[in-house]
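1. Predicted structure and sequence below. I'll ask about it afterward.
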Amino acid sequence: QQQVKQSPQSLIVQKGGISIINCAYENTAFDYFPWYQQFPGKGPALLIAIRPDVSEKKEGRFTISFNKSAKQFSLHIMDSQPGDSATYFCAASRGANTGFQKLVFGTGTRLLVSP
Amino acid sequence: IAGITQAPTSQILAAGRRMTLRCTQDMRHNAMYWYRQDLGLGLRLIHYSNTAGTTGKGEVPDGYSVSRANTDDFPLTLASAVPSQTSVYFCASSETGQNEKLFFGSGTQLSVL
């Protein structure tokens, strides 16, 4: 049972285009939603994160859009570059400041940005 | 700055053998984690520790054990490896375990034959 469902599994975008990766969750207690970026042969690294008190968070070319009522959140990569080619994981956890938290990860999206 | 160091980088192991994956961090983080990464399944938590001396089970703990004798080290042991444990294993750490950034190692590619 996948608590966080991620799509698409793979994505090819032309250089300069917009990459969009979507995630959906069921547990309404989730209150922290990070995205991790992973390059081949490396461990994942935190890219950007959002909490449900805001609907959007932007850091450079990366934006998280959050829809609490639909229980969905997405990552938008504007002006996608070949260097953005990587695997992206969404994740979620619950109960901030109430003890030890465990992230639940999506299944990952392999992004290829063509030159 | 080393961050998280995992060893070995890769290993081929015969089924039934015992194996310990090593993980050391130099950031003095309280929380540490072991994940396995499988294609189509993402990252799944095996075991975690929120402070030295304590450990807990994640989503997929069966066949694995951990110990946390000190802050820096968090080894993962497969007592009797099986082919379904073929995976890439990542160790990670975070400051307190309360919804902040996880720092991952570079992983151990393990093949059980």
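-> Cool, got the structure.
2. for the spatially closest residue to B:F74 that is not a sequence neighbour, what are its contacts?
-> Nearest non-adjacent residue to B:F74, counting by CB to CB, 6 or more residues apart in numbering or on different chains: B:M32, 4.1 Å away. Every residue, glycine included, has its C-beta placed from N, CA and C. B:M32 is in contact with B:23, B:25, B:48-49, B:68, B:74, B:91-93, counting by CB atoms under 8 Å, 6 or more residues apart in numbering or on different chains.
3. Can you name the residues bridging to A:A92?
-> On DSSP bridges, the residues paired with A:A92 through beta bridges are A:V104.
4. in terms of contact, does it touch A:F33 like I think?
-> Yes: contact criterion CB atoms under 8 Å: A:A92 and A:F33 qualify, at 5.3 Å.
5. residues shared between the contacts of those two?
-> Contact with both A:A92 and A:F33 is made by residues A:C23, according to CB under 8 Å, 6+ apart.
6. Please, which helix or strand holds the residue of chain A found nearest chain B?
-> Of all residues in chain A, A:G43 sits closest to chain B, at 2.9 Å by CB to the nearest CB. In this assignment (DSSP states H and E), A:G43 forms part of neither any helix nor any strand.
7. same check, this time on the one 5 residues further on
-> Per DSSP H and E, A:I48 falls inside strand A:45-50.
8. Check the offset of the helix or strand just after that strand from the chain's centre.
-> Past strand A:45-50, heading to the C-terminal end, the next element that is a helix or strand (DSSP H and E) is strand A:56-59. In terms of CA atoms, centre = their mean, to the nearest Å, the centre of strand A:56-59 is set 12 Å apart from its chain centre.
9. Tell me if strand A:56-59 is near chain B.
-> No: Strand A:56-59 does not reach chain B (CB under 8 Å from any CB of the partner chain); its nearest approach is 13.4 Å.
10. what's the closest of the contacts of B:M32 to B:E100?
-> Using CB to CB, B:S93 is the member of the contacts of B:M32 that sits closest to B:E100, with 10.7 Å.
11. Find me whatever residue is spatially closest to the closest one, sequence neighbours aside.
-> With CB to CB, 6+ apart as the criterion, B:S93 has its nearest non-adjacent residue at 3.9 Å, and that residue is B:H29.
12. Quick check: that neighbour is in a strand.
-> No: judged by DSSP: H, G, I helix; E, B strand; the rest coil, B:H29 forms no part of a strand; its state is coil.
13. wouldn't it be in contact with B:S94 here?
-> Yes: taking contacts as CB under 8 Å, B:H29 lies within contact range of B:S94: 5.8 Å.
14. where do the contact lists of the two overlap?
-> In the contact map built from CB under 8 Å, 6+ apart, the residues linked to both B:H29 and B:S94 are B:F103.
15. OK, contacts around the residue minimising distance to the centre of chain B?
-> In chain B, the centroid-proximal residue (CA atoms, centre = their mean) is B:W34; its distance is 2.9 Å. Going by CB under 8 Å, 6+ apart, B:W34 touches B:21, B:23, B:45-48, B:58, B:64, B:66, B:74, B:76, B:89-92.
16. Of the residues you listed, which is the nearest to A:N27?
-> Compare each of the contacts of B:W34 with A:N27 using CB to CB and the shortest gap goes to B:L45, at 15.3 Å.
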